[in-house]
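1. Here is my input; please provide its structure:
(one chain, ligands or ions: 2)
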Amino acid sequence: MIRFENVMKRYSAKDRPALDGVSLEIERGEFVFVVGASGSGKSTLMSLITHEQVASSGEILVAGRELRRLPNRKVPALRREIGTVFQDFRLLPGKTVEQNVAFALQVLGRPRHVVKQLVPETLELVGLEGKEKRLPHELSGGEQQRVAIARAVVKKPAILLADEPTGNLDPTISREIVSVLERINRTGTTLVVATHDNGIVDTFRKRVIELDEGRVVRDQARGGYAQSA
Ligand code: ADP
Ligand code: MG
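-> Numbers count the residues shown, from 1 in each chain. Ligands and ions are numbered 1, 2, ... in the order given. You can find the predicted model right below:
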């Protein structure tokens, strides 16, 4: 589903590369934590997958597409295959829960009957039944993140990328959010979760890819956060 072959990403000639010789393969349906200190390259890895950033060298394959050769006109189709979730939720403040989620389909031009079916089933999937008419400021942080997840997955992407999705949440709520991501993974979606939250990494025991200064220093099935765990 995602393959990096010797990928280097340099933002400027004078700084060390943000990613340096990264090779990895993530299969369809996997759940992977990408861990590492701040500045180790986690967000850069995510932005290369969405093609918001372009590799300086090396090959990247996402959902069957070679990104180095991807023409601009095919970028929207790539992005439809990928849902994204961030630490800061990024909801539309003036729209209700259901409007925030529906909007993700409306911008893709999906017909109304499709929106009417997909929005409620997706809100149920993330555990937001009964909150449809709330505005973002009327929700807890954990609930806001559930809305952001619903918005990311309502278009049924093959891949869901979550960049520090629990960064603003306390430990109990963080575990609930990762459980929601697990539920989405069980529907067949490939999950890539960048985090430096060792609590959730140790709790959920998924594959762990660790970055250090832009290099993969560990790739472990069912790992914990710490190298020694
Ligand atoms: P992480 O998400 O693990 O904190 P990042 O991928 O954000 O790491 O950053 C990796 C390195 O790349 C850091 O040295 C950071 O300063 C640099 N970097 C990230 N984004 C940019 C950017 N848009 N322009 C210049 N440098 C960047
Ligand atoms: Mg980051």
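2. Let me see the contact set for the residue sitting nearest the centre point of the chain.
-> Closest to where the C-alpha atoms of the chain average out (CA atoms, centre = their mean) is L161, at 1.3 Å. L161 is in contact with 46, 49-50, 82-85, 192, 194, counting by CB atoms under 8 Å, 6 or more residues apart in numbering. To be clear about C-beta, it is placed using only N, CA and C from the backbone, and glycine gets the same treatment.
3. Run through the bridge partners of it.
-> Judged by DSSP bridges, the bridge partners of L161 are T84, V192.
4. which element is the residue of the chain found nearest ligand 2 on?
-> Proximity to ligand 2, evaluated over the chain using CB to the ion, is greatest for S43 at 3.2 Å. Applying DSSP states H and E as the criterion places S43 in helix 42-49.
5. which is the next helix or strand following that helix?
-> The helix or strand immediately downstream of helix 42-49 is strand 57-62, counting by DSSP H and E.
6. So which elements touch that next one?
-> Contacts defined by 3 or more CB pairs under 8 Å, 6 or more residues apart in numbering; DSSP states H and E place strand 57-62 against strand 2-9, helix 42-49.
7. number of nearby residues for A152?
-> Using other CB atoms under 10 Å, A152 has 24 neighbouring residues.
8. low-scoring pLDDT stretches of this structure, where are they?
-> 227-229 (pLDDT under 70).
9. returning to that earlier point: the helix holding S43 vs strand 2-9, what angle?
-> Counting by axes from the mean of the first three to the mean of the last three CA atoms, to 10 degrees, helix 42-49 lies at 120 degrees to strand 2-9.
10. angle of helix 42-49 against strand 57-62?
-> Using the same axes, to 10 degrees: helix 42-49 against strand 57-62 is 70 degrees.
11. Is helix 42-49 in proximity to ligand 1?
-> Yes. Judged by CB under 6 Å from any ligand atom, helix 42-49 comes into contact with ligand 1 at 42-44.
12. The residue nearest to L181 when sequence neighbours are not counted: what's it in contact with?
-> Of all residues not flanking L181 in the chain, L191 sits nearest, at 5.7 Å (CB to CB, 6 or more residues apart in numbering). Contacts here follow CB under 8 Å, 6+ apart; on that basis L191 touches 30-32, 159-160, 162, 181-182, 184-185.
13. Inside strands: which ones of those?
-> Those of the contacts of L191 mapping onto strands are 31-32, 159-160, 162, per DSSP state E.
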